[in-house]
Structure formats: C-alpha cells, structure tokens
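# Output the structure for:
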Amino acid sequence: MDEPSVQVSLPVFPRSMRAASTLLGTLWLAEALLGRSGSSGGDPLGPFAWLALVPSRVAHGEVWRLLTHALLHDPQGFAPVLWTVLSLWFFGGPMEARWGTRKLFTAMAAATLAGALTVMLLGLLYVPFWAQRAYSPAAATSMLAGAWGMAQGTRPMSFLGLVKLTGRQFAALTAALLAVGFLVSRSPESVLSLVGLLLGAVLGNTRPSAPKRSRRDSGPALRVIRGGASGSDLPN
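Okay, the predicted model is just below:
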C-alpha cells in the first residue's frame, strides 16, 4: 500500500514581484560587497546612504528619501532581504491577482510614504527619531501582509501545519507582535512596519479589481446607415 504523499501548494510568483525581488536583492548585495571592501568609509550603506530616510535631511529638502529608503536593507544581515522576497512572493503575488499590478505598486508606494511621514511626525515629538536614519521596505511588505490577511477574511488556514488561523486572526496577531516590537525597540523600522500593516488592513477590505474587458466584449459595434436605409436592411 502506497504511503500518502504530502503536497505543498505555493502561490504564483508573478513577473512583477520577481523583478522587484531581483532589484532589491541586487541592491542589498551591492551594499554588502561595498561595505566589506572597505570602500564605504566605515558607513555600512556606503554610496547608498543618500537614499536612507533621515527626517532632519528631509526637512532640508531631500524629499526623495521619503520613498527611496524602501530600496535598502541592512547590508550586515541576510534575514531582512529574505523576508522581503518571501513577502513579495507569498503576499504580493495573491494581492496582485486581486488588485492588479498598478494598484498593487500604488498601495506599496502609499504605505512607504505613510510610514516615512509617520516617522517624521514622531521625530518632532521624540528627538532621537529626528536624526536617526531608517532604510527598509518594511512599510510596503507589512502592508502586503495585512492586506492579504484581511482579504482572506474568516477562511481558516494552516501555517506550516502547526498553527491554524483565519486571515483576520493572522493580521491581528501580526499587528500585536509589531506593536510589541515597537515598544521594545523604539526603532523607526518598527514604526514603518506597524503603519504599513494598519494601512494594509484597511486596503485589504477593498473589492478586487474587475478584469479588463476586451474590445470584443465592450459592447455592440456601431453600424453606419447609408442612403437612409434602416438597420434591418443592412447586412450583418
């Protein structure tokens, strides 16, 4: 008698998410190599430091940092970039199928901007944030996780066969863990993650984008009536 086989179903890894993963992974590798070569002058970000989020620098007009910080990872560790790739795969793929590519990237950019503005606002109240720099796509990836969880709703799911949660329970548990992480670390990255997740929880309740209709399905074609002939006298 044959033993029952175990089948693991993985989500589709769409081309757009693969491209984003390749870009972020390549930048992380460049950061790590330049840092180890000693050509970065002791700064782990090296020539990429001008992309990091620093509220005091944004206040001086370097507004691109509000978005470009999401292109960077900590070059001294592999875990952050691995989590980003897995998030784009397991959460980004299903949400792209639900929203469409344009809406997905718009939501990721909105989460990145919202997280950065929140860090700047906190920097006005909590002085260490004002001069501290942050570099992570945590707002975007957490947004994908929150949106995915809310989109799953009350559907029960098994995580690695160990824990069974609904999508909403997953989102709530993740939010609680991120809130604890913020209270413990008080880091800008924890703020980015929490803001992104909360935004994703809101966006995850939106309806899926309707598929685009082809020209053939867009409606009846117009008929040109010549010589005063009626529509019934025209050939089909």
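# Nearest residue to the middle of this structure?
Nearest to the centroid of the C-alpha atoms of the chain, with distances taken as Cα atoms, centre = their mean, sits residue 140, at 3.3 Å.
# Alpha carbons only: can I get the helix or strand that residue falls within in PDB?
If you go by DSSP states H and E, residue 140 is part of helix 138-152. This file holds the C-alpha atoms of helix 138-152, laid out as PDB (Å, rounded to 0.1, in the frame of the first residue of the first chain):
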ATOM      1  CA  ALA A 138       9.100  47.200   5.900                       C
ATOM      2  CA  ALA A 139       6.100  49.500   5.400                       C
ATOM      3  CA  ALA A 140       5.400  48.000   1.900                       C
ATOM      4  CA  THR A 141       5.900  44.400   2.900                       C
ATOM      5  CA  SER A 142       3.900  44.700   6.100                       C
ATOM      6  CA  MET A 143       1.100  46.400   4.100                       C
ATOM      7  CA  LEU A 144       1.100  43.300   1.800                       C
ATOM      8  CA  ALA A 145       0.800  41.000   4.800                       C
ATOM      9  CA  GLY A 146      -2.000  43.000   6.400                       C
ATOM     10  CA  ALA A 147      -3.900  43.300   3.100                       C
ATOM     11  CA  TRP A 148      -3.500  39.600   2.400                       C
ATOM     12  CA  GLY A 149      -4.800  38.700   5.800                       C
ATOM     13  CA  MET A 150      -7.900  40.900   5.600                       C
ATOM     14  CA  ALA A 151      -8.600  39.700   2.100                       C
ATOM     15  CA  GLN A 152      -8.600  36.100   3.300                       C
END
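# which helices and strands sit right next to it?
In this structure, helix 138-152 packs against helix 79-87, helix 93-99, helix 101-125, helix 167-185, helix 188-203, with contacts taken as 3 or more Cβ pairs under 8 Å, 6 or more residues apart in numbering; DSSP states H and E. Where you see a C-beta, it was placed from the backbone N, CA and C, and this is true even at glycine.
# Pick the most deeply packed of those helices.
Across the helices and strands packed on helix 138-152, the average number of neighbours (mean count of other Cβ atoms under 10 Å) peaks for helix 188-203, which reaches a mean of 24.
# That's all I had, so thanks and see you.
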